[in-house]
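Visitor: Turn this into a structure:
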Amino acid sequence: MRLPAFLADQRRLRRVLYPSSATLATLTRLHALLIVSSSNHLLASLAAAYARSGALDAAESTLATSPASPSSIAAWNALLAAHSRGGSHSTALRVFRALPPAARPDSTTFTLALSACARLGDLAAAESIKDRAFEAGYSKDVFVCSALLHLYSRCGAMGDAVRVFDGMPRRDRVAWSTMVAGFVSAGRPVEALGMFRRMREDGLEGDEVVMVGVVQACAATGDAQMGASVHGYILRHGMRMDVVVTTSLVDMYAKNGKFDVARQVFRMMPYRNAVSWSALISGFVQNGHADEALDLFRELSTSGLQPDSGAHVSALLACADMGLLKLGKSIHGFILRRLELNCILGTSILDMYSKCGSLKSAQKLFDRVSSRDLVLWNAMIACCGTHGRGHDALALFQELNKTGINPDHATFASLLSALSHSGLVEEGKFWFDRMGKEFGIEPAEKHYVCIIDLLARSGLVEEANDLLASMQTEPTIAVWVALLSGCLNNKKLELGENIAEKILEFQPEDVGVLALVSNLYAAAKKWDKVREARKLMKDSSSKKVPGYSLVEVRGMRHMFVMEDQSHPQLQEILKIVAKLDSEMRKMGYVPRTEFVYHDLEEGVKEQLLSYHSERLAIAFGLLNTSPGTRLVIIKNLRVCGNCHDAIKYISKIVDREIVVRDAKRFHHFKDGACSCGDYW
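Guide: A predicted model of the protein is given here:
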């Protein structure tokens with residue numbers, strides 16, 4: 001049987017098979033006609049029409065029964081493209097592998113297959129396809145090479161991407177933008193900026209897509225000047241300031257601390273989405289401006305837009321920084337009502353509860369999450385360590401090992417830190433050893449800092465020094481600082497002086513490090529060295545942050561600094577401080593004046609100690625809350641040894657739990673003892 005005359009005309013047949021006019025019913029009837037008329041040479045075209053109409057099973061079965069030829073590759077490509085559009089990338093690869101030998105792949109075939117590999121992150125499959133494409137003569141094909149660039153960039157294999165890119169005979173703007181974005185995603189922003197400069201030298205101007213990548217690179221490098229220059233380039237070239245471009249500018253300025261400019265760009269946006277708000281809020285939080293971040297979050301909540309998960313994460317981080325437990329709970333409730341509680345949000349909520357002093361709430365949340373990823377496990381182990389629960393952290397680590405999830409370098413950093421702050425020396429040494437031998441994780445700087453801190457904090461300063469000497473790499477300043485801190489705490493002053501000299505060789509700008517060096521020299525009564533260290537502090541570009549303590553009473557936060565004279569209740573506060581000091585002395589308290597690192601009279605030193613900011617905040621809390629109320633004090637610096645002793649006495653005298661969060665960790669004082677077991 002022959003095809004009807006109206007279908008025997010190829011032009012008419014193409015019109016029937018054209019995607020805008022061919023319904024599935026029409027294609028099915030035509031399929032029947034082709035079968036009964038033995039017109040097998042038209043089956044490939046029919047399969048392509050099936051693929052374009054979304055009938056993929058019919059397309060694949062039709063191709064399987066049609067005679068394969070070089071011309072049939074167009075139909076296979078249509079099927080590959082349809083699977084890719086539908087997100088069935090694994091199926092697309094399966095179809096590619098099922099290509100009959102006679103249907104020779106072309107540029108489109110290889111491009112579609114490599115794009116599927118990129119979506120799946122399957123480098124091994126991609127390498128096989130690349131080899132086949134190059135053997136077929138497509139090593140210089142712009143579409144195949146662009147697909148390879150996208151694949152390598154998406155998988156972070158930027159070395160491979162550079163080799164392909166440098167071998168391309170012609171590079172379009174898409175190829176350049178792929179390389180810029182790839183370097184940014186791989187955490188190599190300097191190379192991203194270098195790629196942009198190469199692009200300009202090659203005579204090609206950037207478009208909006210390229211410039212977004214360049215702006216992101218400026219945000220990552222912290223180069224606000226370069227970022228402003230890029231902003232000017234965008235304006236001079238009349239590029240569209242759409243929501244993506246302007247949001248990237250807001251993010252760049254905010255992350256670089258240029259808050260006025262970030263706000264100005266943000267306010268000038270004709271349209272803002274939740275991501276724009278999130279970028280601005282995140283920038284404020286990351287630069288220590290939690291108050292302003294929360295103000296923006298409240299403004300977003302009343303703007304008619306629903307905050308996205310990124311904005312909620314930033315708001316939770318702000319609550320954690322400021323110790324705002326009540327607001328943090330409110331945000332947690334909103335998330336449960338409106339959003340899906342994923343691992344990122346769950347980790348942020350857990351961190352907020354922990355940093356606001358409610359480890360019990362953090363543990364309760366962790367127990368409720370059924371699908372835990374490694375980041376959540378690491379966060380919970382770190383929380384236990386921060387609150388002085390070293391044994392609990394170790395128990396969690398052992399529970400993690402039973403789940404089949406492999407611990408990573410961050411897991412061991414959290415575990416070793418927890419063991420250090422609980423004085424669990426043998427456990428720390430054991431797991432530091434097992435980290436490499438059993439789990440194949442080579443100790444990095446943060447692991448050496450933890451184990452040396454553990455040994456030095458526990459009085460094993462010489463053993464810590466020996467471990468430092470055995471390091472395969474040159475010790476960093478952080479490792480030396482951990483050992484110096486142990487020397488100061490354990491009065492190993494001779495060794496401490498040698499380490500202080502090594503630290504000064506690094507020419508540190510960090511005022512906190514210089515203050516530690518100064519304190520060591522002061523403890524050794526080397527006052528000339530103290531003056532030298534303090535001169536370095538004065539000359540440093542960074543400024544020493546003054547110590548302060550916060551306490552929240554009836555929804556209001558009150559800040560105190562050392563020897564604060566400004567508070568309206570100052571006289572009542574000082575009376576409570578004096579009364580507590582008298583009662584503590586009756587119980588055996590002796591002021592530890594060695595923690596005043598100035599050459600002063602003993603009486604003056606004792607008075608200075610009693611007016612430390614945490615002591616004033618506690619006195620205010622006692623004055624303004626009912627008996628038995630738990631007090632939570634947030635201190636921006638580390639609590640000194642004398643105040644640590646004093647608060648233990650105070651907790652017993654007033655019969656209250658007093659929680660102090662300092663720059664390093666939590667101290668839960670109750671009945672004359674601290675949760676840290678004095679391994680603080």
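
Visitor: C-alpha only now, for contacts and for neighbours.
Guide: Will do.

Visitor: Quick one: the helices in the stretch 301-450 of the chain, in order.
Guide: Assigned by DSSP state H, counting those that start in this stretch, the stretch 301-450 of the chain shows helices spanning 309-322, 325-338, 343-355, 359-368, 374-386, 390-403, 409-420, 425-437, 445-457.

Visitor: An error on my part: the question was meant for the stretch 1-150 of the chain.
Guide: Counting by DSSP H, counting those that start in this stretch, the stretch 1-150 of the chain has helices at residues 5-8, 10-17, 24-36, 43-53, 56-65, 73-85, 89-97, 107-120, 123-135, 142-155.

Visitor: By mean pLDDT, show me the worst of these.
Guide: Note on the helices of the stretch 1-150 of the chain: helix 5-8 shows the lowest mean pLDDT, a mean of 52.

Visitor: Let me see the domain layout of this structure.
Guide: Listed by automatic domain parsing, the domain ranges of the chain are 469-541, 548-674.

Visitor: Among the ones you listed, which comes closest to residue 324?
Guide: Between residue 324 and those, the tightest spacing by CA to CA is seen for domain 548-674, at 8.5 Å.

Visitor: mind checking the end-to-end distance for that closest one?
Guide: Separation of the first and last residues of domain 548-674 by CA to CA, to the nearest Å is 21 Å.

Visitor: so who does residue 472 touch?
Guide: Counting by CA atoms under 8 Å, 6 or more residues apart in numbering, residue 472 touches no other residue.

Visitor: Spatially nearest residue to residue 278, not counting backbone neighbours?
Guide: Leaving aside its sequence neighbours, residue 278 sits nearest to residue 311 (CA to CA, 6 or more residues apart in numbering; 4.5 Å).

Visitor: if I pick that neighbour, what's in contact with it?
Guide: Contacts of residue 311 (CA under 8 Å, 6+ apart): 274, 275, 277, 278, 279, 281, 282, 297.

Visitor: Would it be right to say that the fifth one lies in a strand?
Guide: Same thing as residue 279. No: looking at residue 279 with DSSP: H, G, I helix; E, B strand; the rest coil, it is helix, so not inside a strand.

Visitor: where does it land on pLDDT?
Guide: Residue 279 is given a pLDDT of 94.

Visitor: just to revisit the earlier point, mind putting the contacts of residue 311 in JSON lines, distance to residue 194 included?
Guide: Formatted as JSON lines, these follow (distance: CA to CA, whole Å):
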{"residue": "274", "distance to residue 194": "31"}
{"residue": "275", "distance to residue 194": "28"}
{"residue": "277", "distance to residue 194": "30"}
{"residue": "278", "distance to residue 194": "29"}
{"residue": "279", "distance to residue 194": "25"}
{"residue": "281", "distance to residue 194": "29"}
{"residue": "282", "distance to residue 194": "27"}
{"residue": "297", "distance to residue 194": "36"}
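
Visitor: Compare these and tell me which is most surrounded.
Guide: residue 281 (31 neighbours; other CA atoms under 10 Å).

Visitor: So that residue sits against residue 314, correct?
Guide: Yes: using CA atoms under 8 Å, residue 281 is in contact with residue 314, at 6.6 Å.

Visitor: can you list residues touching both of those two?
Guide: With CA under 8 Å, 6+ apart as the test, residue 281 and residue 314 both reach residue 293.

Visitor: and the host helix or strand of residue 300, average pLDDT?
Guide: If you go by DSSP states H and E, residue 300 is part of helix 290-301. Averaging pLDDT along helix 290-301 yields 93.

Visitor: so how far is residue 638 from the residue nearest to residue 278?
Guide: 30 Å.

Visitor: which residues does residue 120 contact?
Guide: For residue 120, the contacting residues are 89, 90, by CA under 8 Å, 6+ apart.

Visitor: Can you give me the distance of it to residue 126?
Guide: As judged by CA to CA, residue 120 and residue 126 stand 10 Å apart.

Visitor: For the stretch 501-650 of the chain, give me the ranges with low pLDDT.
Guide: Residues of the stretch 501-650 of the chain meeting the criterion pLDDT under 70: 540-545, 563-564, 592-609.

Visitor: where along it do the helices fall?
Guide: Using DSSP H, counting those that start in this stretch, helices in the stretch 501-650 of the chain cover 511-523, 527-539, 570-586, 602-610, 613-624, 641-654.

Visitor: want to throw those helices into CSV with mean neighbour count?
Guide: Below are the helices of the stretch 501-650 of the chain laid out as CSV (neighbours: other CA atoms under 10 Å):
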stretch, mean neighbour count
helix 511-523, 22
helix 527-539, 17
helix 570-586, 15
helix 602-610, 16
helix 613-624, 22
helix 641-654, 20
